[in-house]
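*Asks:* Below: sequence and its predicted model.
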Amino acid sequence: MPKLTIDGIAVEVPPNTTILQAAETVGVEIPRFCYHDRLSIAGNCRMCLVDVEKSPKPVASCAMPVGEGMVVHTKSERANKARGGVMEFLLINHPLDCPICDQGGECDLQDQAMAYGFDRGRFHENKRAVKDKYMGPVVETIMTRCIHCTRCVRFATEVAGVPQLGATGRGEDMEITTYLEGALASELSGNVVDLCPVGALTSKPYAFSARPWELRKTESIDVMDAVGTNIRVDARGRQVMRVLPRINEAVNEEWLADKSRHACDGLGYQRLDRPYVRENGKLKAATWDEAFAAIASKLRGMPGTKIGAIAGDTVDAESMMALKDLMTAFGSANLDCRQDGAAVDPAVRASYLFNSTIAGIEDADALLIIGANPRKEAPVLNARIRKRYLKGNFTIAVAGEQADLTYPYKYLGADLAAFFANAQVPPGARKPMIILGMGALSRPDGAAILAAARAHAEKIGAVTADWNGFNVLHTAAARVGGLDLGFAPGAGGKDTRGILDAAGKGEIEAVYLLGADEIDTAKLGKAFVIYQGHHGDRGAHRADVILPGAAYTEKDGTYVNTEGRVQRGLRAVFPPGDAREDWTIIRALSEKLGKTLPYDNLGQVRARLTYVNPVFAQVDKVVKAEWKPFGTAGQIAPTPVTSPIKNYYMTDPISRASRTMAQCTEEFVLGGSKQKPTELKSGTHG
């Protein structure tokens with residue numbers, strides 16, 4: 001390995017390491033604009049110039065590989081003078097927008113100008129101006145500020161897999177633009193705002209709303225899909241102003257999907273901020289005592305077999321634990337956290353986990369996707385698949401709905417019965433991987449598909465002593481946590497379909513919906529419906545009593561992502577009005593019902609979670625699941641399998657209340673924009 005000296009510090013690094021990367025290993029920071037460690041090297045900005053002994057001129061450290069015996073000076077007079085010159089050139093045409101620029105306070109150009117800039121300019125010619133471009137509902141452009149670092153271009157092409165951005169013209173006429181002057185059609189487009197080192201690309205929904213130093217920053221977990229993306233919630237007062245990604249190499253690296261980033265404005269609309277009770281067919285505002293009394297009058301004396309509970313897709317584990325304990329106190333085994341009826345086996349953890357882990361995608365050498373569309377169901381996870389594809393020697397096949405996934409694949413048809421009958425072992429694969437989606441598992445024959453997928457995984461060697469490539473991709477943030485704590489039918493109990501059918505027949509007389517809005521509420525018949533949630537969505541419209549709960553930004557909550565990683569979100573703001581944290585509502589209700597739950601604070605609820613399943617004590621870790629038989633062998637219908645997500649931008653009460661998501665729906669789903677986005681052909685699909 002080459003040995004070199006950087007600022008008097010001897011360092012040994014692997015071959016092909018650049019000077020900039022070598023400097024970072026010894027804690028020497030070199031300024032840069034175009035370089036990003038997750039993107040290809042461009043060498044555009046020249047801000048990273050360093051002084052290398054025996055070199056006739058300063059060297060761009062981001063593009064220069066280290067050499068044996070190289071002596072580098074990053075703070076010499078020549079290096080600083082070179083950077084000062086680069087900064088002067090960058091600022092020739094840059095507008096004096098800092099007082100009104102949304103990047104102010106978080107701008108790399110500001111920071112480097114403080115270090116290497118001059119207090120006045122020497123150029124008096126006319127400044128260059130560039131027309132702003134249209135990039136869709138979430139990205140605002142002020143292209144006169146652009147310094148042509150091409151980070152956005154490289155991200156769109158390499159990470160997002162949507163090669164719609166590029167440069168036109170040369171020299172002073174060069175401009176970054178979408179080639180067809182349309183919206184950037186990617187579920188990851190908001191990340192270009194984070195990448196932009198100046199204020200050329202900013203967040204359109206957040207524009208002119210706040211300054212970074214005004215905001216209170218809280219680390220939390222995203223609930224818009226099952227990836228468990230680590231986020232930072234920025235709030236001012238009681239309002240969430242924006243959501244940004246946090247770095248977690250094992251989960252989301254540093255990316256965030258557009259819905260997770262921009263649906264937060266939905267937290268301010270259609271909120272439930274007080275209890276309601278239905279009287280004479282109409283919902284009327286009530287006090288907590290009145291709402292609890294209405295529930296108590298119905299449930300007291302009712303046998304547990306006539307009560308059911310369904311948990312929604314974004315609820316926390318603490319509230320599900322409290323509701324499960326309340327249902328158990330009533331003697332009810334009719335409870336389920338699978339609104340879509342997914343046929344996983346709650347008793348076998350390996351049957352419902354992404355067993356290889358998300359980071360494990362990079363270790364696989366073959367991938368079979370069955371009944372899933374990762375681009376719509378988990379955009380950040382899909383970016384990891386694309387990352388693995390770009391490394392090469394990675395074959396991908398898809399059985400299910402055909403779609404543009406941003407990487408080429410072999411299409412095996414939508415008939416799963418025919419696929420499993422003729423499935424072959426991928427040649428030469430040592431670590432094959434299967435991703436099984438909700439489009440397959442939520443069908444009536446889901447249990448048979450699960451069994452067939454397990455058998456196929458064993459047949460192709462996807463499950464060995466040191467590798468488990470059998471993966472289930474969930475679409476709901478609450479799903480794995482609910483299954484881990486046992487929020488599933490007990491002995492003789494009914495699942496979601498059973499509860500709805502029994503309610504329609506009058507066999508179940510009371511149904512507790514905990515944030516459950518993705519079910520067919522028309523099937524509830526004449527049942528007494530208690531809805532606990534934070535938005536006036538489908539469940540609230542059908543409810544007889546509404547209990548206002550807290551959204552994910554308004555409570556401390558535990559969530560388990562699709563790979564089984566236990567993570568905890570923190571409260572960023574308080575719930576509106578009379579709304580309360582969900583587990584506290586259920587605890588207070590239990591007292592009124594004479595079934596007082598045995599915990600009074602969050603620590604005790606979490607102790608109860610750990611008692612029920614020790615996995616909840618392993619925060620930020622993935623506990624490997626034991627491989628055991630699961631699924632029920634049976635007939636698989638020849639019906640084509642489809643993805644459960646038809647509109648990526650509206651999948652839950654928060655995103656359905658979001659104005660930004662409504663604009664994205666109009667743009668990308670309904671095609672009501674300047675230009676209807678076209679499906680990109682990223683490779684052969686069959």
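*Replies:* Sure, I can see it. What you are looking at is a predicted structure, and each value in this text was computed from that prediction instead of being measured.
*Asks:* helix or strand for the nearest residue to Ala448 once chain neighbours are set aside, which one?
*Replies:* Using C-beta to C-beta, 6 or more residues apart in numbering and skipping residues adjacent in sequence, the residue nearest Ala448 is Gly634, 3.6 Å away. No exception for glycine: its C-beta is placed from N, CA and C like everyone else's. Assessed by DSSP states H and E, Gly634 sits outside every helix and strand.
*Asks:* What distance do you get for Gly634 to Val398?
*Replies:* 23 Å (C-beta to C-beta, to the nearest Å).
*Asks:* picking up where we left off before, residues in contact with the residue nearest to Ala448?
*Replies:* Asp445, Ala447, Ala448, Ala451 (C-beta atoms under 8 Å, 6 or more residues apart in numbering).
*Asks:* could you measure it against Pro444, distance?
*Replies:* 10 Å.
*Asks:* any common contacting residues for those two?
*Replies:* Joint contacts of Gly634 and Pro444 (C-beta under 8 Å, 6+ apart) do not exist.
*Asks:* follow-up on the earlier one: redo the contacts of Gly634 as a markdown table? Include distance to Arg271 and pLDDT.
*Replies:* Converted to a markdown table, these look like this (distance: C-beta to C-beta, whole Å; pLDDT from 0 to 100):
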| residue | distance to Arg271 | pLDDT |
| --- | --- | --- |
| Asp445 | 39 | 93 |
| Ala447 | 38 | 95 |
| Ala448 | 42 | 95 |
| Ala451 | 43 | 96 |
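*Asks:* Out of those residues, flag the one nearest to Val223.
*Replies:* Ala447 (27.3 Å; C-beta to C-beta).
*Asks:* what's the closest non-adjacent residue to Ala257?
*Replies:* Pro379 is the one closest to Ala257 (C-beta to C-beta, 6+ apart), at 4.2 Å.
*Asks:* what do you get for Gln164?
*Replies:* Thr178 (5.0 Å).
*Asks:* Which positions are bridged to Ala399 in the beta structure?
*Replies:* Ile370 (DSSP bridges).
*Asks:* Spit out the contact partners of it.
*Replies:* Applying C-beta under 8 Å, 6+ apart, the residues near Ala399 are Leu368, Ile369, Ile370, Gly371, Leu412, Gly413, Ala414, Leu416, Phe419, Val641.
*Asks:* so the second one makes contact with Gly439?
*Replies:* No - contact status for Ile369 versus Gly439: not in contact, 10.1 Å apart, counting by C-beta atoms under 8 Å.
*Asks:* Export only the CA atoms of stretch 489-499, formatted as PDB.
*Replies:* C-alpha atoms of stretch 489-499 as PDB (Å, rounded to 0.1, in the frame of the first residue of the first chain):
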ATOM      1  CA  PRO A 489     -54.900 -13.200  15.900                       C
ATOM      2  CA  GLY A 490     -54.600 -15.400  18.900                       C
ATOM      3  CA  ALA A 491     -56.100 -18.900  19.300                       C
ATOM      4  CA  GLY A 492     -59.500 -18.900  17.600                       C
ATOM      5  CA  GLY A 493     -59.100 -15.200  16.800                       C
ATOM      6  CA  LYS A 494     -59.900 -13.400  13.500                       C
ATOM      7  CA  ASP A 495     -57.500 -11.600  11.200                       C
ATOM      8  CA  THR A 496     -58.300  -8.300   9.400                       C
ATOM      9  CA  ARG A 497     -60.500 -10.100   6.700                       C
ATOM     10  CA  GLY A 498     -62.200 -12.100   9.400                       C
ATOM     11  CA  ILE A 499     -62.900  -9.100  11.500                       C
END
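*Asks:* now that stretch, how far from the chain's geometric center?
*Replies:* Between the centre of stretch 489-499 and the centre of its chain there are 30 Å (C-alpha atoms, centre = their mean, to the nearest Å).
*Asks:* Please identify the buried residues of it?
*Replies:* Pro489, Gly490, Gly493, Lys494, Asp495, Thr496, Gly498, Ile499 (16 or more other C-beta atoms under 10 Å).
*Asks:* How about the contacts made by the fifth one?
*Replies:* With contacts defined as C-beta under 8 Å, 6+ apart, Asp495 is in contact with Asp336, Arg338, Gly341, Ala488, Pro489.
*Asks:* give me the number of residues near Gly301?
*Replies:* 6 (other C-beta atoms under 10 Å).
*Asks:* Dihedrals phi and psi, it?
*Replies:* phi 80, psi -10 (degrees, to the nearest 10).
*Asks:* For it, give its distance to Pro374.
*Replies:* For Gly301 relative to Pro374 (C-beta to C-beta), the value is 49 Å.
*Asks:* Then Gly461?
*Replies:* The value you get for Gly461 to Pro374, if C-beta to C-beta is used, is 22 Å.
*Asks:* And these two? Which one has more around it.
*Replies:* Legend: neighbour count by other C-beta under 10 Å for Gly461 and Pro374, higher for Pro374 (27 against 16).
*Asks:* My read is that the more buried one contacts Leu473, right?
*Replies:* Yes - between Pro374 and Leu473 a contact is recorded at 6.5 Å, counting by C-beta under 8 Å.
*Asks:* tell me, what's touching those two both at once?
*Replies:* Leu381, Ile435, Gly437.
*Asks:* ok, what's across the strand from the second one?
*Replies:* Just to be clear, that refers to Ile435. Bridge pairing for Ile435 - DSSP bridges - gives Ile369, Asn471.
*Asks:* What number of residues are in the vicinity of it?
*Replies:* 28.
*Asks:* Report the secondary structure element holding Val153.
*Replies:* Per DSSP H and E: helix 151-154 holds Val153.
*Asks:* Would you mind putting the CA coordinates of that helix into CSV?
*Replies:* Coordinates of each C-alpha in helix 151-154 appear next as CSV, following Å, rounded to 0.1, in the frame of the first residue of the first chain:
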residue,chain,number,x,y,z
ARG,A,151,-23.6,17.0,-8.2
CYS,A,152,-27.3,17.0,-9.1
VAL,A,153,-26.5,15.6,-12.6
ARG,A,154,-24.5,12.7,-11.1
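*Asks:* Present the contacts of Ala399 as TSV; the columns should include distance to Thr406 and neighbour count.
*Replies:* What follows is the contacts of Ala399, written out as TSV (distance: C-beta to C-beta, whole Å; neighbours: other C-beta atoms under 10 Å):
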residue	distance to Thr406	neighbour count
Leu368	17	27
Ile369	13	25
Ile370	18	26
Gly371	18	28
Leu412	19	21
Gly413	21	15
Ala414	20	19
Leu416	23	28
Phe419	23	22
Val641	20	26
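*Asks:* which ones are touching the residue nearest to Gln164?
*Replies:* Counted by C-beta under 8 Å, 6+ apart, Thr178 has contacts Lys133, Tyr134, Met135, Gln164, Leu165, Leu184.
*Asks:* Give me the distance between the third one and Gly190.
*Replies:* The reference is to Met135. 11 Å.
*Asks:* returning to what we had before: find residues that contact each of Ile369 and Gly439.
*Replies:* Common neighbours of Ile369 and Gly439 (C-beta under 8 Å, 6+ apart) are Gly400.
*Asks:* just checking, Ala527 touches Tyr512?
*Replies:* No - using C-beta under 8 Å, Ala527 is not in contact with Tyr512, being 10.3 Å away.
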